[in-house]
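Engineer: Here's a sequence, model it:
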Amino acid sequence: MARTSRGVRTLTALATAAVLTLTGAVPASASVGVPRPARAGHLTCEGPVLGCVRDARRALEAVRDELRCDHRAPFAAIYAHLQRSLERAVASGAPFEEPSWLAGRLNTGFLNLYVDAYEADRAGRPVPPAWRAAFDAARTADVNAGQDVLLGANAHIQRDLPHVIAALGLTRPDGGPRKADYDRFQRILDDAYGPAVRDVARRYDPLVSLADDRWNPLAGHTAGQLFRMWREQAWEHARQLAGATGPQARDRVVRRIEANAARWARLLATVRVPGYRAVRDAYCRTRAARPTVLPAADAAPAHRT
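Structural biologist: Modelled structure (predicted):
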């Protein structure tokens, strides 16, 4: 028999609010710095950190452009904007204590887990449940582009991120904590939000313009609150993975991570409007002939500190 709890009600309320406002462990190389293919579809980070981020952005833009009006494209587009924001931050000297970890190895390793899921899905191979929900919704469901973005973000943050954090370590070689840099990354997300939402609305789905924070600040606030909560949960799950005392303990944490991300995926995919796929597809086809040229990262405003 289903049980209702305060926690479940909170999850449901946040998921519903996010949907409405946004519409209405694979370790990386220990080297630092330009990503290069390590194997099919993978990047490693060797050389300047700025080069790593730039190549990560280009890789995501290539996925976005390859997908065109496919409903998996909005997440790739949002992710590319996040890389642009990180690129600006690194170029302007954002005050990270360990940029080689955050913008180099963590960012690259994190991207590789998305690439893994994307390539596995394309090849018809199994993917984790949260990613399966995101890809299935993109393929068949009458969801909007905001939901596609949230489903991808949920799978990537809540399911993937704990594994790469645990693999790379929660503390620096000198024993200092990495959490402060991890928290500073929220500013990068905040900077990316407005341009990313406007780009998705312009390219894929006019409904997403309701989440434009230039006139709807509640949308940006709700999305920021949701992503902060997800990222805090990801760090906590990474801490549990790193602290697991044996294979059975680790397996229990892994199952919790998978179950949590899958539960969120079900919540995020609940709202559906029959026939909306056709509306989105027709809109995207009319926009595809009008390419959007974004300013170079080095010409954009400096990252706010």
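Engineer: next structured bit after the lowest-mean-pLDDT helix or strand in the chain?
Structural biologist: Least confident helix or strand of the chain, by mean pLDDT, DSSP states H and E, is strand 35-37 with a mean of 38. Downstream of strand 35-37, the next assigned helix or strand under DSSP states H and E is strand 43-45.
Engineer: Going toward the C-terminus from that next one, what's the next helix or strand?
Structural biologist: Sequence-wise, the next helix or strand downstream of strand 43-45 (DSSP H and E) is helix 49-67.
Engineer: quick one: buried residues of that following helix?
Structural biologist: 49-57, 59-61, 63-64, 67 (16 or more other Cβ atoms under 10 Å). Every residue, glycine included, has its C-beta placed from N, CA and C.
Engineer: Report the two of the residues you listed separated the most.
Structural biologist: The span of the buried residues of helix 49-67, defined through Cβ to Cβ, is set by V49 and L67 at 27.6 Å.
Engineer: Who are the contact partners of Q233?
Structural biologist: By Cβ atoms under 8 Å, 6 or more residues apart in numbering, Q233 lies in contact with Q158, N260.
Engineer: Now find how far off-centre the helix or strand containing it is within its chain.
Structural biologist: Assigned by DSSP H and E, Q233 falls within helix 217-243. Centroid separation between helix 217-243 and its chain, computed with Cα atoms, centre = their mean, to the nearest Å, is 11 Å.
Engineer: what does stretch 257-274 give?
Structural biologist: 15 Å.
Engineer: Give me the mean pLDDT for that stretch.
Structural biologist: For stretch 257-274, mean pLDDT is 96.
Engineer: can you check stretch 234-248 too?
Structural biologist: Averaged across stretch 234-248, the pLDDT comes to 96.
Engineer: residues making contact with that stretch?
Structural biologist: Counting by Cβ under 8 Å, 6+ apart, 25, 157-158, 161-163, 165-166, 169-170, 179, 182, 250, 252-254, 256-257, 260 sit against stretch 234-248.
Engineer: if you set the cut-off to 10 Å instead, what comes out?
Structural biologist: 25, 156-171, 178-179, 182-183, 249-254, 256-257, 260-261 (Cβ atoms under 10 Å, 6 or more residues apart in numbering).
Engineer: Tell me which other helices or strands the host helix or strand of E119 touches.
Structural biologist: Per DSSP H and E: E119 is located in helix 107-122. Of the remaining helices and strands, those touching helix 107-122 by 3 or more Cβ pairs under 10 Å, 6 or more residues apart in numbering; DSSP states H and E are strand 35-37, strand 43-45, helix 49-67, helix 73-91, helix 129-140, helix 145-154, helix 161-168.
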